[in-house]
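Participant: heads up, no residue letters with this:
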DNA sequence: GCGGACTTGTTTAAGTTTCAAGAAGAGCCT
DNA sequence: AGGCTCTTCTTGAAACTTAAACAAGTCCGC
């Protein structure tokens, strides 16, 4: 529990507050919407679907667990659970990493690929309908820039660059 | 499980794809960031914090469950569980609604208000640092407009307007 | 090569969210 | 009033996420 510094907090202006609330509302509504769409049509939540997509695009349809976790911006623990579930569905398989005995590879099965192939069109349609179809080209461009800035700001920084751990 | 319509899917262009991924990454990173910040400093996840905020701003610091759920964009079920937890913490109390015997009021306790007062500055700072401080004024404006458009598109529409249930 | 420090991935338990079902009251029509 | 439908809120179980701890393997300097 942190205490207020004194009384010098810079609160959000009305304008900022409106923006922040619009952001939170849009984000939760959209995530719920897509989660339900995918749960209904593909039998899995949005995050899990994203994992399959990443695997499908990877060379030989396989990836190291850690890579996959980083790509999806989730913890390794969460990924472990998720892959366990996807494995139970027969959509992903685990393999040992040849070069590192600790390592595991998550491999997209043909069945997993099939699910993706069947459900991707519906998902893209949902994203279009909820997002792109409602924005002007300028807004789309702006959205991309804004979100990139935010990501970069929050991304765990490259090690070494600003960690004076020895120097 | 839905099947592809034929082969007429309008896939995302590269540009759209970049935008969409930037969006997802930014959103998950930001939500994780704020969740951790609040879990650490206030002992609750972001959504729960938002509930307290809404109550604090409501007349007499109380709201009907359904109102609160709608305001926070969550299901009544989720809210029930959440309030149960907040009640256990002593930050919220339930009261019967005088005008509707089915109804319940969620009431922010003084303790709950205290937590908010102590932790709000830190939270605002986190939001500023992750979001507003990184955007130009034009980007902030644009973000607000974009998110409003998305919200409106996903908001469960007013009943009657397009439900020809009798007519 | 040894030993200590870091990485990789999993596990357990606790916390949160979803889903389906249901109890209880309100509203309305006749 | 009675009966029907809709709304309000809760519940319990299953699914999912988080946090902390751990086994096993790698890396690196000595």
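Facilitator: That came through, no problem. Model, not experiment: these values are computed from the prediction.

Participant: Let me know the helix or strand that the nearest residue to residue A:11 once chain neighbours are set aside is in.
Facilitator: With CB to CB, 6 or more residues apart in numbering or on different chains as the criterion, residue A:11 has its nearest non-adjacent residue at 6.0 Å, and that residue is residue B:124. Heads up, the C-betas are built off the backbone N, CA and C, glycines and all. Using DSSP states H and E, residue B:124 maps to helix B:110-130.

Participant: Can you give me the buried ones in the lengthiest helix in chain A?
Facilitator: The longest helix of chain A (DSSP state H) is helix A:14-42. By neighbour count on 16 or more other CB atoms under 10 Å in any protein chain shown, the buried set for helix A:14-42 is A:16, A:19-31, A:33-34, A:37-38, A:41-42.

Participant: Could you name the helices and strands sitting against it?
Facilitator: Counting contacts by 3 or more CB pairs under 8 Å, 6 or more residues apart in numbering or on different chains; DSSP states H and E, helix A:14-42 packs against helix A:46-57, helix A:110-130, helix B:14-42, helix B:137-154.

Participant: just checking, next helix/strand downstream of the first one?
Facilitator: This points to helix A:46-57. Assigned by DSSP H and E, the successor of helix A:46-57 is strand A:62-64.

Participant: Which neighbouring elements make contact with the next helix-or-strand element following that following strand?
Facilitator: Helices and strands here follow DSSP H and E; after strand A:62-64, the next one along the chain is helix A:65-72. For helix A:65-72, the contact count by 3+ CB pairs under 8 Å, 6+ apart identifies helix A:46-57, helix A:76-89, strand A:104-108 as packing neighbours.

Participant: still on that earlier bit, now the longest helix of chain A against helix B:137-154, angle please.
Facilitator: 40 degrees (axes from the mean of the first three to the mean of the last three CA atoms, to 10 degrees).

Participant: quick one: is helix A:14-42 near DNA strand C?
Facilitator: Yes - with CB under 7 Å from any atom of the strand as the criterion, DNA strand C is reached by helix A:14-42 at A:32, A:35, A:36, A:39.

Participant: In contact with the residue most central in space within chain A, which residues are there?
Facilitator: Nearest to the mean C-alpha position of chain A, counting by CA atoms, centre = their mean, stands residue A:72 at 4.3 Å. Contacts for residue A:72 (CB atoms under 8 Å, 6 or more residues apart in numbering or on different chains) come out as A:47, A:50, A:51, A:54, A:79.

Participant: If you rank these by neighbours, which is first?
Facilitator: Neighbour counts for those, by other CB atoms under 10 Å in any protein chain shown, peak at residue A:51, which reaches 25 neighbours.

Participant: Let me know the pLDDT of that one.
Facilitator: For residue A:51, the pLDDT comes out at 98.

Participant: Can you tell me the number of residues neighbouring the closest residue to DNA strand C within chain A?
Facilitator: DNA strand C sits closest to residue A:66 of chain A, with a gap of 3.0 Å, by CB to the nearest atom of the strand. Counted with other CB under 10 Å, the neighbours of residue A:66 add up to 13.

Participant: what about the closest residue to it other than its chain neighbours, distance to residue B:31?
Facilitator: The shortest distance from residue A:66 to any non-neighbouring residue, by CB to CB, 6+ apart, is to residue A:76 (6.3 Å). Separation of residue A:76 from residue B:31 (CB to CB, to the nearest Å): 18 Å.

Participant: before we move on, the earlier item: and the helix holding residue B:124, what does it pack onto?
Facilitator: Right, helix B:110-130 is packed against helix A:137-154, helix B:14-42, helix B:46-57 by 3+ CB pairs under 8 Å, 6+ apart.

Participant: so can I have JSON lines of those helices showing distance to DNA strand D?
Facilitator: Output for these, formatted as JSON lines (distance: least, CB to the nearest atom of the strand, whole Å):
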{"stretch": "helix A:137-154", "distance to DNA strand D": "14"}
{"stretch": "helix B:14-42", "distance to DNA strand D": "5"}
{"stretch": "helix B:46-57", "distance to DNA strand D": "10"}
